[in-house]
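> Sequence and predicted structure below; questions after.
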Amino acid sequence: MAIARGGLHRGWLMNIGIPTEIKPDERRVAITPAGARELTRRGHRVLVQRGAGTGSGYPDSAYRAVDAECTTVDEVFERAELVLKVKEPLREEVERLSEQHTLFTYLHLAADPRLALALAETGARCIAYETVEDAKGRLVLLAPMSEIAGRLAAQAGATAMTGPGGGRGLLIGGVPGVPPAEVLVLGGGVAGTAAATVAAGMGARVTIVDRSIPRLIELAERFAGRVRTVYSGELAIEELLPTADLVIGAVLVPGARAPRLVRREHLGAMRPGSVLVDISIDQGGCFETSRPTTHSEPTYEVDGVVHYCVTNMPGAVAATSTRALTNATLDYALRLADLGPEAALDDDPRFARGLNVADGRIVHDTVAAAVESALTPA
Ligand SMILES: NC(=O)c1ccc[n+]([C@@H]2O[C@H](COP(=O)([O-])OP(=O)(O)OC[C@H]3O[C@@H](n4cnc5c(N)ncnc54)[C@H](O)[C@@H]3O)[C@@H](O)[C@H]2O)c1
């Protein structure tokens with residue numbers, strides 16, 4: 001039996017809800033059975049929506065085996081104090097949220113000001129994975145999914161460059177006597193580095209552009225000449241685009257809308273059948289011509305250039321992603337449950353950087369500025 005906060009005995013300490021993800025083609029779930037076990041063994045009640053783990057390879061029986069309760073979506077939201085999710089809530093999920101809830105999930109509110117305002121109206125406390133920092137200021141809960149999205153970006157780009165993929169029929173690594181594809185990666189952070197590693201591993205010639213000199217130095221050391229590094233700027237990007245077969249956009253200004261580094265007029269300088277993969281689409285996209293797509297219909301064409309803009313890339317490899325996500329988020333979920341959200345956030349200012357919405361307001365400075373500027377008429 002569990003001992004509640006303050007020494008009072010009330011059976012279960014906190015009710016934690018795990019709804020099924022309803023974003024199109026999303027197969028991840030917020031916690032593995034192993035993670036759920038950590039919560040239940042500490043006396044918390046875990047309410048998993050029936051079937052929530054199926055897409056990641058976890059049947060309801062795996063959750064029941066660790067003392068979680070499998071139930072309906074209504075029960076999950078009605079009884080939960082802490083709701084753990086993967087992707088931003090869709091409208092029908094927002095409608096279920098209220099002051100009783102602390103929501104812990106990816107939110108990307110700079111890309112969706114209307115969602116930010118709708119969440120504020122619910123009165124729920126909303127903590128975004130993507131703005132939680134560790135002691136060194138790294139985005140520790142974004143990183144595992146960026147690793148995965150970066151690796152997938154190289155694979156998706158390689159497929160899109162083939163004829164059936166809509167591209168001009170290029171093999172990314174070339175063959176002896178025929179040169180490989182030129183891959184340009186914008187943003188050499190976690191996702192960009194992962195994309196560059198896989199693209200270079202497949203034999204492509206890779207250039208990474210970043211605006212951080214220390215980061216460029218790290219990249220130059222890490223790749224030891226196998227990848228070119230270039231300081232970011234409009235002119236540098238304009239010079240690189242005409243020879244790029246595949247451009248992977250992976251820039252991030254934490255909390256803010258992604259900077260638009262490639263504008264529509266730039267597409268004319270690219271070869272027909274070239275490919276743009278916009279990993280930063282979840283923060284609004286770093287190509288002017290990007291619009292969100294799904295795994296079912298991942299690509300479209302603008303001015304002869306193939307665009308891939310899937311907002312939940314790791315959802316395609318849920319068996320890997322769900323485990324990687326739980327590995328990163330579990331410690332934070334345990335703190336929210338054990339201490340209660342207020343104390344857990346008060347206790348750790350880096351964790352508190354994740355707080356985006358509270359008391360009916362957008363409380364994260366950069367997110368608030370992005371939402372305000374998006375809603376201010378030009
Ligand atoms: N589509 C998806 O499914 C998916 C999944 C995971 C992550 N993401 C997104 O991928 C993006 C990158 O995430 P990350 O974790 O790699 O971020 P990160 O912070 O590790 O790296 C971002 C890099 O962009 C650089 N940068 C910022 N502005 C720049 C500019 N103007 N020119 C050149 N470089 C610039 C920064 O210096 C940094 O090195 C984020 O938007 C993240 O949300 C998308």
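Done, it's in.

> rest of the way, CA atoms for contacts and neighbours
Will do.

> what sits against residue 321?
28, 145, 148, 314-315 (C-alpha atoms under 8 Å, 6 or more residues apart in numbering).

> go with 6 Å
For residue 321, the contact set (C-alpha atoms under 6 Å, 6 or more residues apart in numbering) comprises residue 314.

> And the helix or strand where it lies, what's buried?
Element membership of residue 321 [criterion: DSSP states H and E] is helix 318-339. For helix 318-339, a neighbour-count test (16 or more other C-alpha atoms under 10 Å) marks 318-319, 321-330, 332-334, 336-339 as buried.

> same thing with stretch 73-81?
73, 76-77, 79-81.

> ok, and what's touching that stretch?
Residues from elsewhere that reach stretch 73-81 (C-alpha under 6 Å, 6+ apart): 15-17, 47, 49, 100-101.

> buried set for stretch 192-208?
The neighbour-count check on stretch 192-208 (16+ other C-alpha under 10 Å) flags 192-200, 202-208 as buried.

> Near the ligand, list only the ones from the residues you listed.
Contacts with the ligand are made by residue 192 out of these, judged by C-alpha under 6 Å from any ligand atom.

> Out of the buried residues of stretch 192-208, list just those in helices.
With helices taken from DSSP state H, the overlap with those comprises 192-200.

> Please report phi then psi for residue 273.
Dihedral angles of residue 273 (phi, psi; degrees, to the nearest 10) stand at phi 90, psi 0.

> Any idea how many residues pack against it?
Other residues lying near residue 273 total 24 when counted by other C-alpha atoms under 10 Å.

> Quick one: residues contacting it.
Taking C-alpha under 6 Å, 6+ apart, we find residue 273 in contact with 167-168, 304-305.

> confidence score at the residue of the stretch 51-200 of the chain found nearest the ligand?
Nearest to the ligand in the stretch 51-200 of the chain, going by C-alpha to the nearest ligand atom, is residue 189, at a distance of 3.1 Å. Note on residue 189: pLDDT of 98.

> okay, now the domains of this protein?
Domain assignment for the chain by automatic domain parsing gives 15-132+318-375, 143-311.

> Flag every residue of the stretch 201-350 of the chain that's near the ligand.
209-212, 232, 250-253, 259, 279-283, 310-314.

> Derive a ChimeraX selection command for the buried subset of those.
Buried residues within these, by 16+ other C-alpha under 10 Å, are selected in ChimeraX with:
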select :209,210,232,250,251,252,259,279,280,281,282,283,310,311,312,313,314
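
> who in the stretch 51-200 of the chain is up against the ligand?
Applying C-alpha under 6 Å from any ligand atom, we find that the stretch 51-200 of the chain lies next to the ligand at 142-143, 145-146, 149, 186-192.

> Just the closest of these to residue 56, please.
residue 145 (14.8 Å; C-alpha to C-alpha).

> now that closest one, nearest residue through space, not along the chain?
Nearest residue to residue 145, sequence neighbours excluded (C-alpha to C-alpha, 6 or more residues apart in numbering): residue 314, at 6.3 Å.

> With residue 166 instead?
Ranked by C-alpha to C-alpha, 6+ apart and with sequence neighbours excluded, the top spatial neighbour of residue 166 is residue 160, at 5.8 Å.

> and what of residue 22?
Once flanking residues are discounted, residue 22 sits nearest to residue 90: 7.7 Å by C-alpha to C-alpha, 6+ apart.

> Next one, pLDDT for that neighbour please.
So, for residue 90, pLDDT stands at 97.

> Next, give phi and psi for it.
Here residue 90 shows phi and psi, under degrees, to the nearest 10, equal to phi -80, psi 170.

> Tell me the spacing between it and residue 316.
From residue 90 across to residue 316, the span is 19 Å (C-alpha to C-alpha, to the nearest Å).
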